[in-house]
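Student: have a look; sequence and predicted model below, questions after that.
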Amino acid sequence: MKILIVYWHPEPKSFNAALFQKTHETLIAAGHEVKTSNLFEMQFDPVSSRESFTSVKDPEYFKPQLEELHASKENGFSPEIETEIAKIEWCDLMIWQFPLWWFGLPAVLKGWVDRVFAMGRAYGGGKVYGTGVFREKRAMLSLTTGGPEQSYVKGGFNGDMNGILRPIHRGMLQFVGFDVLAPHVVYGPARLSEEERELQLLKYGERLRGIEKEAAIEVGMY
Ligand SMILES: Cc1cc2nc3c(=O)[nH]c(=O)nc-3n(C[C@H](O)[C@H](O)[C@H](O)COP(=O)(O)OP(=O)(O)OC[C@H]3O[C@@H](n4cnc5c(N)ncnc54)[C@H](O)[C@@H]3O)c2cc1C
């Protein structure tokens, strides 16, 4: 398979960095082709602006979606954004590795979505959900939390993790056509012992070795 790993964490010695490295080495060892977007190393700018484009539709009023539509027709994305879109077009499976921040994506990864899931290239003209541009591709979230697992269940302190991830699963990934695999969550790595964390890395490696055969999940409509 062709697999894209998109990663962000502000600390290169973090547990997320270890998960990112584990993903990369496991998938390569299993014979997959792998590309990465290490948004921390890239110092990716998450702010949507005219920097995303070499083309200009309206110099007086910056409306991102109109500029995206125009850039899609005119080959007018900046090299940085064009490269990221091309990686998504290339892959069969996309994995996002990140720490859960405020029940969502950390800002840099969210900004990557804002700038790279561009109207005209990633969605639009009726191409959403089942008819989405990236249908027949799959995506998986791999994340860590601060809170423990029992706080992320229905009726728990924070509520059900599937509900928390729904805006990402449904509003971003399925919206542009991806089938979604079950998320991989390591709950509270800072609360675990060194041995427990190493075990988590081994368990994730095992899952990744079988990822080609995994079926998509239903994302609840609530
Ligand atoms: C702005 C912000 C918002 C947040 N919002 C939320 C939220 O909404 N919900 C929530 O639950 N949490 C939240 N958090 C907490 C955050 O999700 C966790 O701190 C984070 O997910 C933990 O992952 P990490 O990679 O940062 O762990 P780290 O703290 O980097 O790592 C944990 C431990 O693993 C060790 N480690 C690193 N590599 C290895 C290795 N190879 N083998 C074994 N051990 C290793 C590290 O040395 C460290 O001791 C938030 C944090 C911030 C800053």
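Tutor: Good, I have the coordinates.

Student: please count neighbours and contacts with C-alpha atoms only from this point.
Tutor: Noted.

Student: contacting residues around the residue positioned nearest the centre of the chain?
Tutor: Nearest residue to the geometric centre of the chain (CA atoms, centre = their mean): W96, 3.5 Å. Counting by CA atoms under 8 Å, 6 or more residues apart in numbering, W96 touches I5, V6, Y7, A139, M140, L141, S142, L143.

Student: pretty sure the second one contacts E41?
Tutor: I take that to be V6. No: taking contacts as CA atoms under 8 Å, V6 lies outside contact range of E41: 11.4 Å.

Student: show me which of those two is the more surrounded one.
Tutor: Taking neighbours as other CA atoms under 10 Å, V6 and E41 compare with V6 leading, 20 against 12.

Student: wait, a strand at that one?
Tutor: Yes: assessed with DSSP: H, G, I helix; E, B strand; the rest coil, V6 lies in a strand.

Student: from S37, how far off is the most far-flung residue of the chain relative to its centre?
Tutor: Going by CA atoms, centre = their mean, the residue of the chain most distant from its centre is E60, 32.7 Å out. For E60, the distance to S37 (CA to CA, to the nearest Å) stands at 33 Å.

Student: hey, where'd the strands end up in the protein?
Tutor: Remark: strands assigned in the chain by DSSP state E are 2-7, 33-38, 93-99, 138-144, 179-180, 184-186.

Student: partners of the fifth one in the sheet?
Tutor: Looking back up the chat, that one is strand 179-180. strand 138-144 (parallel) (DSSP bridges).

Student: could you check the angle strand 93-99 makes with the partner strand?
Tutor: On the basis of axes from the mean of the first three to the mean of the last three CA atoms, to 10 degrees, strand 138-144 is oriented at 20 degrees to strand 93-99.
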